[in-house]
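>>> Predicted structure and sequence below. I'll ask about it afterward.
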Amino acid sequence: MDFSTKSADKKNSLQTIKTDCLVIGIYNNGGLADKSPSPVLQETAAKLYATGDIDGKAGSTLLAQSPDGIAAKRLLLVGLGTSPTSGKDFRKAIDSCLTVLKPLNVANITLALPIDAIDDSIPQTIYTIVTGFYNRAYRIGAMKKDKTPASKIRKVALFMPSDKVSIAKTALLQAKAINEGRQYAKDLGNLPANICTPSYLAKQAKDLAKEYGFTVEILEKKQIESLKMGSFLSVARGSDEPPRFIVLKHLKGKSKTAPAVLVGKGITFDSGGISLKPGAGMDEMKYDMCGAASVLGTFKAIGELGLKQNIIGLIPTCENMPSGKANRPGDIVTSMSGQTIEILNTDAEGRLILCDALTFAERFKPAAVIDIATLTGACIIALGHINSGLFTRMDDAHDALAEALSTAAKHVDDPIWRLPIEDAYQSQLDSNFADMANVGGRPAGSITAACFLERFTRQYVWAHLDVAGTAWKSGSDKGATGRPVPLLCQWLLERQP
Ligand code: BES
Ligand code: MN
Ligand code: ZN
């Protein structure tokens, strides 16, 4: 999809612009959102409003075919509620426009919406528009014979005052890059586990590296053994699929600037292992690599934007399967950090692969490390499918990181909610036989999971994102969401020097 900006000049006015559909906003008092509409447009809109078929409330719509005196083939009036319109109402309005447009034979659309009269900033508003179009056009097509695109829309022009064009252009580039990255993460997430294996993810990382000039290293089993990642390897051992440890580097900042490190959980299928999961819904455990997919998606966006920063991506990836070689409950393994772990539940495998990746991250002397993982069912109980869980230690440096992430999350409507990591929870991980157990019982299940990871992150500033409830949707709408790619990209953009 192609997005561009247009503004009124001698050639273009809303009245004369050639487009399959012109979209204009109307408030709930009947007033047009456009400040200087042509008399013809004003009259047409007034007539349409007078029919009573649109009340101007946020999300109300009315479509007119071949409107008199206007070059556009269709005119779509959309209600924006009050002026200025809240971000929420604007999202509602965009959503209803897209519902009306979906079945229509329109390839080329012009949006003349008041991007400077929304409570959100102009870049946020542009992000809302672009994201709406991307989401509607998305189709899970990789494994289907029918490749018909979900949307006929090819070109979207944003009509705006000329003094807003420059800020809008930058915002468009960023919004497109974020959505490309998000879409890429969705595609990976939606693939089945027999296709999207650890080697497949490694191949994707290589392809991205080639396309955008990243450095990439794919560590295989032997090299992972040399690194003494005994915890990661213990999970991988249960599967016939060989593990991979992916290292992606985008070093476009100053050479002395400490990098940001993103670590993604890449379990390509989580059967639970010997602590086997129940059968119902187990197919959804193909999504247990969504953390990894979000790192790859964010790297795609980083490449598209050519960010001038040092960013490293780490992905430990393997399957969690039951077999004669699989971890048994009670087994004790030695992590790369030297700390030993009693595996009381083989289904708590995410933390077992992440802990070694987090130890590996120390070598980069990072400015900040963020891990992203579909880590605990308990996080869904705590926060549902709305907020991703954010976990950090509770000191000043971590409060600042949590604050920055929360702000970025708001800007791209990819919400997170902070939960505590406190020493008082750590004793739930006590083991009589090893330095720690890998599970802490039912109470505060996502916090004790975070507390487990915390023991491997004491050399740097770190945040953990539990996306178990937000990385995909179940039911008739089943599919990956691509979260938290928008949040990660926005956080990187906002920390841009
Ligand atoms: N990948 C799962 C977490 C998960 C479950 C995400 C359901 C989304 C939906 C993780 O590996 C897991 O199995 N966690 C266990 C931990 C428990 C054994 C302490 C869980 O949440 O049940
Ligand atoms: Mn599991
Ligand atoms: Zn898992």
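Structure received. From a predicted model like this one, the values you see are computed outputs, not experimental measurements. Ligands and ions are numbered 1, 2, ... in the order given.

>>> May I have stretch 463-474 as PDB, with CA atoms only?
Extracted C-alpha coordinates of stretch 463-474, given in PDB (Å, rounded to 0.1, in the frame of the first residue of the first chain):
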ATOM      1  CA  ALA A 463      13.100  -5.000  31.500                       C
ATOM      2  CA  HIS A 464      11.000  -8.100  30.800                       C
ATOM      3  CA  LEU A 465       7.800  -8.000  28.700                       C
ATOM      4  CA  ASP A 466       5.400 -11.000  29.100                       C
ATOM      5  CA  VAL A 467       3.300 -11.000  26.000                       C
ATOM      6  CA  ALA A 468       1.400 -14.300  26.700                       C
ATOM      7  CA  GLY A 469      -1.900 -12.500  26.500                       C
ATOM      8  CA  THR A 470      -1.200 -10.100  23.700                       C
ATOM      9  CA  ALA A 471       1.000 -11.700  21.100                       C
ATOM     10  CA  TRP A 472      -2.000 -13.500  19.500                       C
ATOM     11  CA  LYS A 473      -5.800 -13.800  19.500                       C
ATOM     12  CA  SER A 474      -7.800 -17.000  19.800                       C
END
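
>>> so how many other residues sit close to Gly479?
Applying the criterion other C-beta atoms under 10 Å, we find 16 residues in the vicinity of Gly479. Quick note: C-beta positions are derived from backbone N, CA and C, even for glycine.

>>> cool, Thr197 as well?
Using other C-beta under 10 Å, Thr197 has 22 other residues around it.

>>> so what pLDDT did the residue lying closest to it once chain neighbours are set aside get?
Using C-beta to C-beta, 6 or more residues apart in numbering and skipping the chain neighbours, the partner closest in space to Thr197 is Glu241 (5.1 Å). Glu241 is assigned 98 on the pLDDT scale.

>>> And Glu241, how close does it get to ligand 2?
16 Å (C-beta to the ion, to the nearest Å).

>>> Secondary structure element holding Thr298?
Secondary-structure assignment from DSSP states H and E places Thr298 in helix 290-305.

>>> no wait, Ile315
Using DSSP H and E, the secondary-structure element containing Ile315 is strand 310-320.

>>> Direction included, what does that strand pair against?
The strands beside strand 310-320 in its sheet (DSSP bridges) come out as strand 244-251 (antiparallel), strand 260-264 (parallel), strand 266-270 (parallel).

>>> can you redo those strands as JSON lines with mean pLDDT?
Formatted as JSON lines, the strands paired with strand 310-320 follow (pLDDT from 0 to 100):
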{"stretch": "strand 244-251", "mean pLDDT": "99"}
{"stretch": "strand 260-264", "mean pLDDT": "99"}
{"stretch": "strand 266-270", "mean pLDDT": "99"}
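
>>> Heading C-terminal from the strand holding Ile315, find the next helix or strand.
strand 331-334.

>>> Check which residues of that following strand are buried.
Going by neighbour count (16 or more other C-beta atoms under 10 Å), the buried part of strand 331-334 is 331, 333-334.

>>> Show me what it packs onto, helices and strands only.
helix 230-236, strand 340-343 (3 or more C-beta pairs under 8 Å, 6 or more residues apart in numbering; DSSP states H and E).

>>> And the strands paired with strand 310-320: which comes nearest Pro322?
Each of the strands paired with strand 310-320 was checked against Pro322 via C-beta to C-beta, and the shortest separation belongs to strand 266-270, namely 11.3 Å.

>>> tally of neighbours for the residue nearest to Thr197?
Neighbours of Glu241 (other C-beta under 10 Å): 19.

>>> what's the closest non-adjacent residue to Thr317?
The shortest distance from Thr317 to any residue that is not its chain neighbour, by C-beta to C-beta, 6+ apart, is 3.0 Å, and that residue is Gly266.

>>> Over to Ala404?
When the adjacent residues along the chain are set aside, Ala404 lies closest to Trp491, with 6.3 Å between them (C-beta to C-beta, 6+ apart).

>>> ok, that neighbour touching Ala408?
Yes: applying C-beta atoms under 8 Å, one finds Trp491 in contact with Ala408, separated by 4.0 Å.

>>> Just give me the neighbour total for the residue in the chain positioned nearest to ligand 2.
Of the residues in the chain, the one nearest ligand 2 is Asp347, at a distance of 3.9 Å by C-beta to the ion. Asp347: 21 surrounding residues under other C-beta under 10 Å.

>>> Phi, psi for it please.
phi -80, psi -10 (degrees, to the nearest 10).

>>> Over to Cys489?
Its backbone dihedrals place Cys489 at phi -60, psi -50, with angles given as degrees, to the nearest 10.

>>> And the residue of this protein closest to ligand 3?
Sorted by distance to ligand 3 under C-beta to the ion, the residues of the chain start with Asp270, at 3.7 Å.

>>> how is this structure carved up into domains?
Domain assignment for the chain, taken from automatic domain parsing, gives 2-162, 182-493.

>>> among those, which is the most enclosed?
Among these, domain 182-493 has the highest mean neighbour count (mean count of other C-beta atoms under 10 Å), at a mean of 21.

>>> now it, how far from the centre of its chain.
For domain 182-493, the distance between its averaged C-alpha position and the chain's averaged C-alpha position is 14 Å (C-alpha atoms, centre = their mean, to the nearest Å).

>>> Spell out which parts of the stretch 251-400 of the chain neighbour ligand 3.
Residues of the stretch 251-400 of the chain found near ligand 3 (C-beta under 5 Å from the ion) are 267, 270, 288, 350.

>>> For the residue nearest to Gly306 when sequence neighbours are not counted, which residues are in contact?
The shortest distance from Gly306 to any residue that is not its chain neighbour, by C-beta to C-beta, 6+ apart, is 7.0 Å, and that residue is Lys252. Contacts for Lys252 (C-beta atoms under 8 Å, 6 or more residues apart in numbering) come out as 306-310.

>>> hmm, back to that, report the angle between the axes of the strand holding Ile315 and helix 290-305?
With axes from the mean of the first three to the mean of the last three C-alpha atoms, to 10 degrees as the criterion, the two stretches strand 310-320 and helix 290-305 enclose an angle of 150 degrees.

>>> still on that earlier bit, contacts only, for the residue nearest to Ala404.
Trp491 is in contact with 370, 404-405, 408, counting by C-beta under 8 Å, 6+ apart.

>>> Just those residues: which are in helices?
404-405, 408 (DSSP state H).

>>> confidence score at the spatially closest residue to Ala137 that is not a sequence neighbour?
For Ala137, ignoring the flanking residues on the chain, the nearest one in space by C-beta to C-beta, 6+ apart is Ser151 at 4.0 Å. The per-residue pLDDT reported for Ser151 equals 93.

>>> pLDDT averaged over the strand holding Ile315 - what is it?
This predicted structure assigns strand 310-320 an average pLDDT of 99.

>>> quick one on the thing from earlier: between the buried residues of strand 331-334, which is closest to Thr359?
Each of the buried residues of strand 331-334 was checked against Thr359 using C-beta to C-beta; the closest is Thr334, at 11.5 Å.

>>> I'd like to check which residues are in contact with the nearest residue to the closest one once chain neighbours are set aside.
For Thr334, ignoring the flanking residues on the chain, the nearest one in space by C-beta to C-beta, 6+ apart is Gly230 at 4.4 Å. Contact analysis of Gly230 by C-beta under 8 Å, 6+ apart lists 333-336, 356.
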